[in-house]
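In: Next one to model:
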Amino acid sequence: MNTLLEWLLPYTFSPGTVAFFVLAAGWYARGVRRLRAEGRAPSGWRQLSFWLGLLLCYAVLHTRFDYFGQYMFFMHRIQHLVLHHVGAFLIALANPLPAFRSGAPQRFTPDHPLVRALRPLALILQQPAVAALLFVGLVFFWLIPEIHFEAMLSHNRYMLMNWSMFLDGVLFWLLILDPRPPKQTEHMPGHGVRFAMLWATAFPQIILGAWITLGPAELYDVYSVCGRAWPMSPHTDQVLGGVFTWIPPGMMTVLASLLVLRMALRDSEAGSSATAQRRT
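Out: Take a look at the predicted model:
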């Protein structure tokens, strides 16, 4: 029991992190409850996807896992794999925006000053080229050896790195996995554009992961300077970190591509049925 509690307790307590996840969980739960009362509750698998994604992201940010993410390169890469890909993907797959809109406090109307101020930024971030560039660009930026060294030695920069990966991941996957037909949604890219975004971001990450795996030894010497959590050679640590940067993101791209293809076929069949009904 003591060992379990040690794993669940944060390595570095962050009131902001706790507040964010509690607010997100409460906001979503209230929205689901209101939608259920209206007969529009999200399906069980979507709710499960949201809670699993939120739990995974919290686990790598605010439990003992964070300690290993700071003192082992390959654990750091698993941490960012969850924040930027797996956890963010599961949250977006849940299509949580209707629940968040329903659960939002009444004061957060479309005319609220904060909502109006954030709308132009949201439109910019929803541009396919901007979204794709940020998604792959942040991975490269934080893995520049000199920048990575500085980020791991500064708590503020370390938090900025992790939160930027998490928030950008959620925004990107929300754009890719939005289940609404593109023709009925303003500013939403078509299925072909989403498919292109996925593969435009996949290949650079594959190349980066291969370079880390097969490249010069000890690119990230900060883990030797600070000491590793386990007695593992720098070469093995880097190779494992490169593999987690290389292979799992590629697998996520394949999975997302299949989901986009499925949505495209669904919308195509719906359009064909609507056309046939009009003709009859």
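
In: going forward, measure contacts between C-alpha atoms and count neighbours the same way
Out: Will do.

In: what's the helix or strand for L219?
Out: Of the helices and strands defined by DSSP states H and E, none includes L219.

In: residues in contact with the closest residue to A94 other than its chain neighbours?
Out: Spatial nearest neighbour of A94, chain neighbours left out: R46 (4.2 Å); criterion: CA to CA, 6 or more residues apart in numbering. Contact partners of R46, counting by CA atoms under 8 Å, 6 or more residues apart in numbering, are 93-95.

In: Let me see the contact set for H85.
Out: H85 neighbours (CA under 8 Å, 6+ apart): 169, 249, 252.

In: ah, wrong one, I meant R101
Out: G31.

In: Ok, I206 next?
Out: Contacts of I206 (CA under 8 Å, 6+ apart): 245-247, 249-250.

In: mind checking how far it is from P249?
Out: 8 Å (CA to CA, to the nearest Å).

In: now L9
Out: 28 Å.

In: Those two: who's more crowded?
Out: Using other CA atoms under 10 Å as the criterion, L9 and P249 rank with P249 on top: 22 against 14.

In: Which pLDDT value goes with the nearest residue to G31 once chain neighbours are set aside?
Out: The shortest distance from G31 to any non-neighbouring residue, by CA to CA, 6+ apart, is to G103 (3.6 Å). The score at G103 is 89. That number is its pLDDT.

In: Tell me which other helices or strands the helix or strand hosting H148 touches.
Out: Using DSSP H and E, H148 maps to helix 145-153. Under the contact definition 3 or more CA pairs under 8 Å, 6 or more residues apart in numbering; DSSP states H and E, helix 145-153 sits against helix 128-142, helix 155-177.

In: tell me the most buried of those helices?
Out: helix 155-177 (a mean of 19; mean count of other CA atoms under 10 Å).

In: Which SSE is immediately downstream of that helix?
Out: helix 191-214.

In: quick one: that next one to helix 155-177, angle?
Out: Angle, helix 191-214 to helix 155-177, by axes from the mean of the first three to the mean of the last three CA atoms, to 10 degrees: 140 degrees.
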